[in-house]
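**Q** sequence and computational prediction follow.
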Amino acid sequence: MQFHWHVEKGSVVVTGCEKAIGRVVVPEYADGLLVVGIAPRAFLGASELTEIRLPSTLTFIKENAFLGCAELRSIEIPDSVTSLGAGAFEGCVQLQSLRLSSGLENLSTRAFYLCKSLETVDIPSSVKDIGESAFAGCEGLYQATMREGLQSIGSNAFAGCSSLRAVRIPQSVTHIDATSLPAQLRTNGDLYLPGSGLLVRAIARLRWQAPAGTRIIADGALAGNHDLTEVTLPETVTAIGRRAFADCRCLHAINLTEAITHMGAEAFRDCGKLTNITLPDSLTTLSDGLFEHTGLKTAEMPLNLLSIGSRTFANCTALQDVRFNPELHHIGAQAFAHCSSLKSLVLPKELQSIGPQAFLGCDRLETLMLPGDIPQGLEGALTDLRRVAIIAPALAPEAFPPLWRKRVCLGFALAAQRGIAYYPEVREANLAWISAHASALVGDAAGQPSLLRLMLEQQCLSEADARRLIDRFSRQDQPEWTVELLHYLQGIASGQDSEALW
């Protein structure tokens, strides 16, 4: 039997074996050097390999090392091995006997995926993490022993283990996905780990109260509970996982305590009856898609919030009132996309950046107020919103791209109507820009009474433009503006102050 290898840092890594048939013994030495590892795909598809003996010098087995060894029936991983790569024994469908290294630190993704004949596994206390789908599809597995020291069980770790009827979760576990256990163990009521305060899942009911001492609501813990209407959380809860309450279509009330510092992506997505929620000031970030497609009507940002993620409030079509906190620095891409009931927004003074299409499809948005400087990305954020008037008390029109300056002056006119104060030099710059571009603004003035009023006060309408407006208002049956414009023309003709004629 001939092995292939290469040398890494003075040690040997096995890369393959010719005629891997029956029982194979990997040596401790090759050319006088220690054998320390099995390379990726070293025994890939060795369909006649039934048993392999690994040396006590081995420290790692790389990804897919024994992938598809369909006749491999027994494996003992030496205690010297600390690392097991992804899919290391995936598809070893006849594997029945398995002994794991007492020094192993993690079980990687799909490590024993589809080992259908495996019946028992004893996971040593050295293992901190069981990776995603590590034992998924192990249909014959009826006993899985997990020991204290284990911290995380990945999603689908034991999915499809249809023979597994009971499992003890160590108190040291702080992360477990709602899909980590097989289906038959996920339908037997609530799963709560008192040692770590982790609520893994809960069955559907109208009103649900988390157990006292709960610290973490796991990913997907209550997702899809269509009958759930109210949730009460204890003061001990610090984190809500990804999609924890997603698609709880009837959920309309939940208390978020001040201890909560993290809420995962899409935690409340598709909660259509959720119209109001109070966000704790302990939050510094709102995750991607957190409230997407909910029934929220108002959104007041937490005092210490620094960042809003992508699509956080997207498709909240009932959202009318958004109140940003002063310290907010970033608004993510499409954060408020298709919030079709929004009419006005006041951005925070400290805002530094806005993601692309942040307000895409907000067709009713009329005014946007900028108390400070122009945030990076604002132009891309307002894609397709050509009618939005920009109120910028601290910025002259020239501070904006040329195509935006008309919007800025429309905002200035609305601000004057509403009594919003501008810096004196900014006020003068807006008046000068309006006077210099009066003819280009005539069409806008016809539909914006505040702008038309300002142009009349500043006497910047030419006689020809005034007559165009008179003709337009006459056809639209708006006699009050027709009369005012006639007075304005009389003032021009007589050299009098038009304001005196009003």
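**A** Nice, thanks for sending it over.
**Q** low-confidence ranges in the stretch 351-500 of the chain?
**A** In the predicted model, the stretch 351-500 of the chain carries pLDDT under 70 at residues 495-500.
**Q** can you give me the strands for it?
**A** The residue ranges that make up the strands of the stretch 351-500 of the chain, judged by DSSP state E, counting those that start in this stretch, are 353-354, 367-369, 389-391.
**Q** could you dump the ones you listed into a markdown table with mean neighbour count and distance to residue 181 added?
**A** For glycine as for every other residue, the C-beta is placed from the backbone atoms N, C-alpha and C. Written out in a markdown table, the entries for these read as follows (neighbours: other Cβ atoms under 10 Å; distance: least, Cβ to Cβ, whole Å):
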| stretch | mean neighbour count | distance to residue 181 |
| --- | --- | --- |
| strand 353-354 | 20 | 41 |
| strand 367-369 | 19 | 49 |
| strand 389-391 | 24 | 53 |
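**Q** among those, which is nearest residue 462?
**A** Closest to residue 462 of these, according to Cβ to Cβ: strand 389-391, at 23.6 Å.
**Q** who touches that closest one?
**A** Outside strand 389-391, the residues that touch it by Cβ atoms under 8 Å, 6 or more residues apart in numbering are 366-370, 400, 404, 407-408, 410-415, 420.
**Q** partners of it, with directions?
**A** In the sheet containing strand 389-391, the strands it pairs with under DSSP bridges are strand 367-369 (parallel).
**Q** lowest average confidence, helix or strand, in the chain?
**A** Ranking every helix and strand in the chain by mean pLDDT, DSSP states H and E puts helix 498-501 at the bottom, with a mean of 39.
**Q** from the contacts of strand 389-391, list the buried ones, please.
**A** Neighbour-count burial within the contacts of strand 389-391 applies to 366-370, 400, 404, 407-408, 410-415; the criterion is 16 or more other Cβ atoms under 10 Å.
**Q** okay, helices next: where are they in the protein?
**A** Under the criterion DSSP state H, helices of the chain are mapped to 378-381, 405-418, 424-436, 438-447, 449-457, 463-475, 479-494, 498-501.
**Q** highest average neighbour count across those helices?
**A** Using mean count of other Cβ atoms under 10 Å, the stretch among the helices of the chain with the largest mean neighbour count is helix 405-418, at a mean of 22.
**Q** and the contacts of that one?
**A** Applying Cβ under 8 Å, 6+ apart, the external contacts of helix 405-418 come out as 367-369, 388-393, 395, 397-398, 400, 422, 427, 430, 433-434, 437, 440-441, 444, 448, 450-451, 453-454.
**Q** now do stretch 332-346
**A** With contacts defined as Cβ under 8 Å, 6+ apart, stretch 332-346 is touched by 288, 307-320, 322-324, 355-369, 371.
**Q** got a quick PyMOL command for the buried subset of those residues?
**A** A single PyMOL command suffices to select whichever of the contacts of stretch 332-346 are buried according to 16+ other Cβ under 10 Å:
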select buried, resi 288+307+308+309+310+311+312+313+314+315+316+319+322+324+355+357+358+359+360+361+362+365+366+367+368+369+371
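**Q** which residues does the residue nearest the centre of the chain contact?
**A** The geometric centre of the chain, computed from its C-alpha atoms, lies nearest to residue 288 (Cα atoms, centre = their mean), at 2.1 Å. The contact partners of residue 288, taken as Cβ under 8 Å, 6+ apart, are 265-266, 309-312, 332.
**Q** chain neighbours aside, what residue packs nearest to it?
**A** Spatial nearest neighbour of residue 288, chain neighbours left out: residue 309 (4.0 Å); criterion: Cβ to Cβ, 6 or more residues apart in numbering.
**Q** how much space separates that neighbour from residue 78?
**A** 45 Å (Cβ to Cβ, to the nearest Å).
**Q** sorry, back to before: need the max-distance pair from the contacts of residue 288.
**A** When those are compared pair by pair using Cβ to Cβ, the two farthest from each other are 266 and 332, 13.4 Å apart.
**Q** ok, of the contacts of strand 389-391, which one's closest to residue 135?
**A** If you rank the contacts of strand 389-391 by distance to residue 135 using Cβ to Cβ, residue 368 comes first, at 52.9 Å.
**Q** wait, doesn't the closest one sit right on residue 388?
**A** Yes. Counting by Cβ atoms under 8 Å, residue 368 sits close enough to residue 388 to count as a contact (5.3 Å).
**Q** quick check: neighbours shared by the two?
**A** Shared between the contact lists of residue 368 and residue 388 (criterion: Cβ under 8 Å, 6+ apart) are residues residue 382.
**Q** in stretch 99-114, what's buried?
**A** Within stretch 99-114, the residues that qualify as buried are 100-101, 103-104, 106-114, counting by 16+ other Cβ under 10 Å.
**Q** so which of these is the closest to residue 484?
**A** For the buried residues of stretch 99-114, with residue 484 as the reference and Cβ to Cβ as the criterion, the closest is residue 109, at 73.6 Å.
**Q** these two touch, right, the closest one and residue 129?
**A** No. Counting by Cβ under 8 Å, residue 129 is not a contact partner of residue 109; they are 10.0 Å apart.
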